[in-house]
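Trainee: Need a 3D model of the following:
(chains A, B and C)
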Amino acid sequence: MPGYLIRRLGQALLVVAGVIVLTFAVMRLVPGDPAVAYAGPKATAAELADARRQFGLDDPLPVQLWNYVRDLLGGDWGTSLHTRRPVRDDLFQAFPASLELVGAALVVALAAGIPLGIAAARYKGRLPDLSVRLSSMLAVSVPVFWLALALQTVFASGLGWFPVAGEYDASLDRTSPLHLYTNVTAVDALITGNWPILTSTLSHLVLPALVIAAYPAGVVAQMTRAALIEESSREHARLERALGFGETAVLTRFSLRPALNPVLALIALVFAYSIVNGFLVEAVFNWPGLGRYAADSIRSLDTPAIAGVTLLVAVLYVVANLAVDLLQGVVDPRVRAR
Amino acid sequence: MTTPALPVYRRTPLRRLAGVDRLAVAGGVLLGIVVLAALLAPWIAPYPDDGGSATHPLESLLPPGGDHWFGTDQVGRDVFSRVLFGARTSLFIAVAVLAVSGAAGVLLGVVAGYAGGWARDVIMRVTDVFLAFPALLLSLALAVVLQPSVTTVIVAIAITWWPWYARLTASVAASVSTRGFVDSARCLGVPAPLIVLRHVLPNSLTPVLVQLSLDGGGVILTAAALSYLGLGAHEPTPEWGLMVQQGQSLFTTDWWVVTFPGLAILVTAFAFNVLGEGLRARLAR
Amino acid sequence: MNLISVRDLVVRIGDRVIASVPELDVAAGECVAIVGESGSGKTTTLLSTLGLVHGADVAGRIRVGEVDVLTASPARLREIRGSRAALVVQSPQAALNPTMRLGTLMRRALARHGVKGARARERAEEAVRAVLLDPEILRRHPHQVSGGQAQRFVIALALALGAQVLLADEPTSALDVTVQAEVVAVLRRLRDERGLAVLLVSHDLALVSTIADRVVVMRDGAVVESGPAADVFARPRDPYTRELIAAVPRLPEPEEGS
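Mentor: Next up, the predicted model:
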């Protein structure tokens, strides 16, 4: 296990290094001059030169890359051109909101996807199976921004069941101000017992979380189904049947746990994907997360901010993958023994 | 030894085959309809000029009816005609991305799989790095630094897509390379590039082809998302994602402007997914 | 008294008959072996006694105790599986759920058949001791036990559930030679001391000759010869049986009186 752990960690670090280089390379492709974007179109030559020196744009590329890496490691992720604040602070503020949204979506996706996958495996080849397969394929085929608009129009603007946009009712900031600990609004509201903000946040969460949940729910259902079918055709299932357990028990009480391994691994992939999918949904529901920040950055060609978002999500993906690999040891004792 | 080829705990192969084939066929038919719509758009669209920059200010935002099945948009163009022409844009992007990333990925994958050793390590670590970026994220970053256009969308998505095929091909090619006929070719002194072209490549392609059809839906969705964000096609190109973006403020009052292009994306991505799923299930047996 | 009784069993896939057995009885305290090559239909015959052959048509009459397997309700069938007749599998390590401690499987199986709490614990430990295992093994995962231990645990499952019939499907073929002897000794002791009925399926005539009271020889789905083990081994009538016996390098003499 320690050898495996070290190898796995080394691999992850290597990928993170590559991610940094690639992000740097992409950002250096920017056609516009970041100095102009920062100093403004009416800047004097002196102000421009100043800005260039400030961003180190006069140095050769390898030196710039070295400086970039050094700054990143030192916690300096650059200064946003449009908020004029350190990118790290911006991300620190926006990320928890995205995490809240995607976290809620993944909970919904697992809660819906796993039972649907079980039902499909249980009635393989019959109507429940076909309908689960088709609806999960539909779920992964739906354009999220369109689904977001549709649900918003019907259930918020139209029927008025849910709020149209935002994270919670801003007027509550006056009547019951929220103390921040984790920066995740729902969690902070829960631990400080701030019920007005908690209920408001939850009702604001419903629609965007459902939209983001569609894709992961679809893939989780499909993966659960496939893994269960494979697991329940293994030798151990034969013994379990011979011990008097019915099909449903073989699936849920015996096959589900070993089958969850591939599903877990999938969640790591889907997590990063959902954060990015969430960008589109956040734009529609005006959710104060990374997506809205990214959209603003894109509009103002805010290179450091875009680099920050890109880097953060890619590193998140690497970390999530690593976490899953280690978690699998907990779920499956065979991996632990290796 | 005694666990014979008994169909114990399994459905009969016959039924499975039939079920799988139905799925693949359904996906194929659905995709065929979309392809036909794209090919025949100039002839079957009731208002072919509306695929471009035509405007009819007097007919703007008409609800769906006999003259305009899907209604008209804010400048009076027939939404049905634009949806038909939009199929051309989307399928063109999908085919271009899959061709470019498929070719690049297969090439690198075959080299990695056949050569093994450090070449494989380097290529695989590079794919690791690219795979850490969700496709839409890297496309987003790329599309920002390049100028918004259909070409940008294709380039941006292709750059994020090839590692999947490189991965897949490398693992298949590695196992093909250990087979007898490759060894004997090597012993006969056949040059490596020729072995790769003649023997390894053709035998590694099937899984990639299935994956390509599975990925068509993903490419269409990513392309539509980029255009929706204003990083892809621009007016007057008929592009579904762009049509949704332009009509989104009208959703509550004039639902048809947004609904039909969105449905078109959904149907096309769904067709790819159903077809790919059917093919994969067949291949897996 | 016959604990298993099979009459006119025919198992078909489509038009192909994969197993046809006119008559097969196993009484308490008796071991009957079905021998034959792979594809001879012997495993199918064994599994059909528990109604565990899927995707094929099974006709005839199969009784386990007083239960008619082919007409019993699915719920009744699940009740007798394990508690009346229990399977002893071919590759015990693969047959144990990799994510589950042996004790958990044991507890769930007992609970499935209505034994819970302290009584379940008692039964489990007693059964495990009866196959000469340390009850400590109940705390382990399958990958932490040897093949022989795993197989003896599978037999312990049957004992704990109170099965009177053991359906052993190539119980030793995945095990080392020394371990094989261990498992056979356990089976023989249970037959002799507890009066269990054993239906053994094997292609290993050397093994069969050490434990079987009666032998049924199958080939291509049909029974070609059957009778007391001593007779069949000493005076095989069917040419196929002779072939099988000739293929065994050194067949030990059948035991006296068995």
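Trainee: wouldn't B:Val155 be in contact with B:Leu146 here?
Mentor: Yes. Using Cβ atoms under 8 Å, B:Val155 is in contact with B:Leu146, at 6.8 Å. In short, each C-beta sits where N, CA and C put it, glycine included.
Trainee: Sort out which residues of the helix or strand of chain C with the lowest mean pLDDT are buried, please.
Mentor: Least confident helix or strand of chain C, by mean pLDDT, DSSP states H and E, is helix C:239-247 with a mean of 83. For helix C:239-247, burial by neighbour count (16 or more other Cβ atoms under 10 Å in any protein chain shown) applies to C:Tyr240, C:Thr241, C:Leu244, C:Ile245.
Trainee: now swap in stretch B:77-92 and tell me
Mentor: Of all the residues in stretch B:77-92, those buried under the rule 16+ other Cβ under 10 Å are B:77-91.
Trainee: and if you look at stretch C:225-236?
Mentor: Buried, per 16+ other Cβ under 10 Å, within stretch C:225-236: C:Glu225, C:Ser226, C:Gly227, C:Ala229, C:Ala230, C:Val232, C:Phe233, C:Pro236.
Trainee: And for stretch A:112-125?
Mentor: Within stretch A:112-125, the residues scored as buried using 16+ other Cβ under 10 Å are A:Ala112, A:Gly113, A:Ile114, A:Leu116, A:Gly117, A:Ile118, A:Ala119, A:Ala120, A:Ala121, A:Arg122, A:Lys124.
Trainee: Residues of the stretch 151-285 of chain B that sit close to chain A?
Mentor: Remark: the part of the stretch 151-285 of chain B in contact with chain A comprises B:217, B:221, B:224-225, B:228-229, B:231, B:241, B:244-245, B:248, B:251-252, B:255, B:258-259, B:261-262, B:265-266, B:269-270, B:272-274, B:277, using Cβ under 8 Å from any Cβ of the partner chain.
Trainee: Put the buried members of these into a ChimeraX selection.
Mentor: The ChimeraX selection below is limited to those of these classed as buried (16+ other Cβ under 10 Å):
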select /B:217,221,224,225,228,229,231,241,244,245,248,251,255,258,259,261,262,265,266,269,270,272,273,274,277
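Trainee: coming back round to it: put together JSON lines for the buried residues of helix C:239-247, with distance to A:Met223 on each row.
Mentor: JSON lines is the format used below for those (distance: Cβ to Cβ, whole Å):
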{"residue": "C:Tyr240", "distance to A:Met223": "48"}
{"residue": "C:Thr241", "distance to A:Met223": "50"}
{"residue": "C:Leu244", "distance to A:Met223": "47"}
{"residue": "C:Ile245", "distance to A:Met223": "51"}
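Trainee: Just give me the closest of these to chain B.
Mentor: Of all the buried residues of helix C:239-247, C:Leu244 has the smallest distance to chain B: 14.1 Å, by Cβ to the nearest Cβ.
Trainee: buried set for the helix or strand in which A:Val315 is found?
Mentor: Element membership for A:Val315 (DSSP states H and E) is helix A:303-331. By neighbour count on 16+ other Cβ under 10 Å, the buried set for helix A:303-331 is A:303-318, A:320-322, A:324-329, A:331.
Trainee: Low-confidence stretches in the chain?
Mentor: Since no chain was named, I'll use chain A. Residues of chain A that meet the criterion pLDDT under 70 lie in A:1-2, A:29-42, A:54-56, A:329-338.
Trainee: not what I meant, chain C
Mentor: Residues of chain C meeting the criterion pLDDT under 70: C:249-258.
Trainee: residues in contact with the lengthiest helix in it?
Mentor: Across chain C, the helix with the greatest residue count (assigned by DSSP state H) is helix C:177-194. By Cβ atoms under 8 Å, 6 or more residues apart in numbering or on different chains, the residues outside helix C:177-194 that reach it are C:29-31, C:88, C:130-132, C:146-148, C:151-152, C:155, C:159, C:166, C:168, C:171-172, C:175, C:196-198, C:200, C:207, C:210-211.
Trainee: Now do the contacts for residue 244.
Mentor: I'll assume chain A. Neighbouring residues of A:Gly244 by Cβ under 8 Å, 6+ apart: C:Arg78, C:Glu79, C:Ile80, C:Arg81, C:Gly82, C:Ser83, C:Ala109, C:Arg112, C:His113, C:Leu161.
Trainee: other chain: chain B
Mentor: The neighbours of B:Val244, taking Cβ under 8 Å, 6+ apart as the test, are A:Pro143, A:Phe145, A:Trp146, A:Leu149, B:Ala224, B:Tyr228, B:Val258, B:Pro261, B:Gly262, B:Ile265.
Trainee: Need the CA coordinates for the longest helix of chain C. CSV is fine.
Mentor: These are the backbone C-alpha positions of helix C:177-194, laid out as CSV (Å, rounded to 0.1, in the frame of the first residue of the first chain):
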residue,chain,number,x,y,z
VAL,C,177,-3.8,-31.9,-3.9
THR,C,178,-3.2,-31.9,-0.2
VAL,C,179,-6.1,-29.6,0.4
GLN,C,180,-8.3,-31.8,-1.8
ALA,C,181,-7.9,-34.7,0.7
GLU,C,182,-8.8,-32.4,3.5
VAL,C,183,-12.1,-31.4,1.9
VAL,C,184,-12.9,-34.9,0.9
ALA,C,185,-12.3,-36.1,4.5
VAL,C,186,-14.7,-33.4,5.7
LEU,C,187,-17.4,-34.5,3.2
ARG,C,188,-17.0,-38.1,4.1
ARG,C,189,-17.1,-37.5,7.8
LEU,C,190,-20.3,-35.4,7.5
ARG,C,191,-21.9,-38.2,5.5
ASP,C,192,-20.9,-40.9,8.0
GLU,C,193,-21.4,-39.0,11.2
ARG,C,194,-24.3,-36.7,10.4
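Trainee: count of neighbours near the residue of the stretch 51-200 of chain B found nearest chain C?
Mentor: Of all residues in the stretch 51-200 of chain B, B:Ser175 sits closest to chain C, with a separation of 24.2 Å (Cβ to the nearest Cβ). Neighbour count for B:Ser175, taken as other Cβ atoms under 10 Å in any protein chain shown: 11.
Trainee: helix/strand/coil for it?
Mentor: Under the three-state scheme (DSSP: H, G, I helix; E, B strand; the rest coil), B:Ser175 adopts helix.
Trainee: In the contacts of A:Gly244, find the pair that's most separated.
Mentor: Greatest spatial distance among those (Cβ to Cβ): C:Ile80 and C:Ala109, at 13.6 Å.
Trainee: Could you look up the SS state of the closest residue to B:Arg280 other than its chain neighbours?
Mentor: Spatially, and ignoring its direct neighbours in sequence, B:Arg280 is nearest to B:Val210 (5.3 Å; Cβ to Cβ, 6 or more residues apart in numbering or on different chains). Recorded secondary structure, B:Val210: helix (three-state DSSP).
Trainee: How many residues are close by B:Val210?
Mentor: Using other Cβ under 10 Å: B:Val210 sits among 21 other residues.
Trainee: C:Leu9 falls within a helix, correct?
Mentor: No. Assessed with three-state DSSP, C:Leu9 is strand; it does not lie in a helix.
Trainee: The nearest residue to it once chain neighbours are set aside: which element?
Mentor: The shortest distance from C:Leu9 to any residue other than its chain neighbours is 3.9 Å, reached at C:Gly60 (Cβ to Cβ, 6+ apart). For C:Gly60, the enclosing helix or strand under DSSP H and E is strand C:57-64.
Trainee: Give me the helices and strands touching that strand, please.
Mentor: When contacts are defined as 3 or more Cβ pairs under 8 Å, 6 or more residues apart in numbering or on different chains; DSSP states H and E, strand C:57-64 sits against strand C:2-13.
Trainee: Can you list the neighbours in contact with the helix or strand that the strand it packs on is followed by?
Mentor: Downstream of strand C:2-13, the next assigned helix or strand under DSSP H and E is strand C:16-27. Under the criterion Cβ under 8 Å, 6+ apart, residues B:6, C:1-12, C:32, C:34, C:41-42, C:44-45, C:48, C:56, C:60, C:165, C:197-199, C:216, C:218, C:221-223 lie in contact with strand C:16-27.
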